[in-house]
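Participant: attaching a predicted model along with its sequence, questions to come.
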Amino acid sequence: MSILYLMEILYKPWPWYVAGPLIGITVPILLLLGNKKLGISSTLTQICAACIPSNITSLKYDWRKDSWNLLFVAGVFLGGFLGGYVFANPNPVELSASTIEFFKSHGLAHPQGLMPQELFNWASLFSIKGFLLMIAGGFMVGFGTRYARGCTSGHGILGLSALQWPSLAATASFFLGGILFCRFVLPYILDLH
């Protein structure tokens, strides 16, 4: 196998039938190797407990017992860096014509990529639109993952593979919430000035 062929494989997005099973295989591997559960959202609790030790009984948390999770998150960041910068696909993400038309109808002149620069930049962070999309939206995602007792990876990958009814309800709620938000709330936020 030549290096050029290997680089060609790495620079192209992997098809779902390769990437999906690779993600799915992590669940049984983690369970078999150490009875560990796949999930990311609880890591914030560990980081806070490690950085800000508390003497309040209800806030005490032994972050060392699940410290392997911190390595998992470090691996996610490393993988994101490698995938986004080292082995990045040189072709831009292609949006559907209807998505481009939707954005243009709400005032975005050049919508490109998954996160249009006109919306997601430091300058727009201090506007009402930017505050709602980035700060309020980030808070709602964080609050929602704690309220649902897990994130999309925990419920959608681990919980569904373990046939857990609460994970099915949570995953369905994640998707339904995203659809309803995009249909009924996002257009009004995009029209704010």
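Facilitator: Arrived safely.

Participant: residues contacting residue 107?
Facilitator: Contact partners of residue 107, counting by C-beta atoms under 8 Å, 6 or more residues apart in numbering, are 190, 191. Just so you know, the C-beta spots here come from the backbone N, C-alpha and C atoms, and that holds for glycine as well.

Participant: can you list contacts of the host helix or strand of residue 174?
Facilitator: According to DSSP states H and E, residue 174 maps onto helix 165-180. Residues outside helix 165-180 that contact it (C-beta under 8 Å, 6+ apart): 144, 148, 149, 150, 152, 154, 155, 156, 158, 159, 160.

Participant: next, residue 116: secondary structure please.
Facilitator: The three-state assignment at residue 116 reads coil, by DSSP: H, G, I helix; E, B strand; the rest coil.

Participant: leaving aside the residues next to it on the chain, what's closest to it?
Facilitator: residue 108 (5.8 Å; C-beta to C-beta, 6 or more residues apart in numbering).

Participant: and for the one you found, the neighbour number?
Facilitator: For residue 108, the neighbour count with other C-beta atoms under 10 Å is 16.

Participant: could you dump the contacts of helix 165-180 to TSV with pLDDT and neighbour count?
Facilitator: Converted to TSV, the contacts of helix 165-180 look like this (pLDDT from 0 to 100; neighbours: other C-beta atoms under 10 Å):
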residue	pLDDT	neighbour count
144	84	16
148	83	19
149	83	15
150	83	24
152	82	20
154	83	21
155	87	25
156	85	20
158	83	20
159	86	25
160	86	15
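
Participant: which of those sits closest to residue 87?
Facilitator: Nearest to residue 87 out of the contacts of helix 165-180 is residue 152 (C-beta to C-beta; 23.7 Å).

Participant: now for that closest one: which residues touch it?
Facilitator: Contacts of residue 152 (C-beta under 8 Å, 6+ apart): 171, 174.

Participant: let's have the chain start at 47 instead
Facilitator: Yes, from this point I'll number from 47; that puts the last item at residue 198.

Participant: roughly how far apart are it and residue 212?
Facilitator: 14 Å (C-beta to C-beta, to the nearest Å).

Participant: which parts of stretch 172-179 are buried?
Facilitator: Burial within stretch 172-179, assessed by neighbour count using 16 or more other C-beta atoms under 10 Å, is assigned to 175, 176, 178, 179.

Participant: contact partners for the second one?
Facilitator: Counting by C-beta under 8 Å, 6+ apart, residue 176 touches 165, 166, 167, 169, 170.

Participant: for the second one, give me its contacts.
Facilitator: When you say that, I think you mean residue 166. Residues in contact with residue 166 (C-beta under 8 Å, 6+ apart) are 176, 179, 180.

Participant: closest to residue 112 out of those residues?
Facilitator: Distance ranking of the contacts of residue 166 against residue 112, using C-beta to C-beta, places residue 180 first at 29.0 Å.
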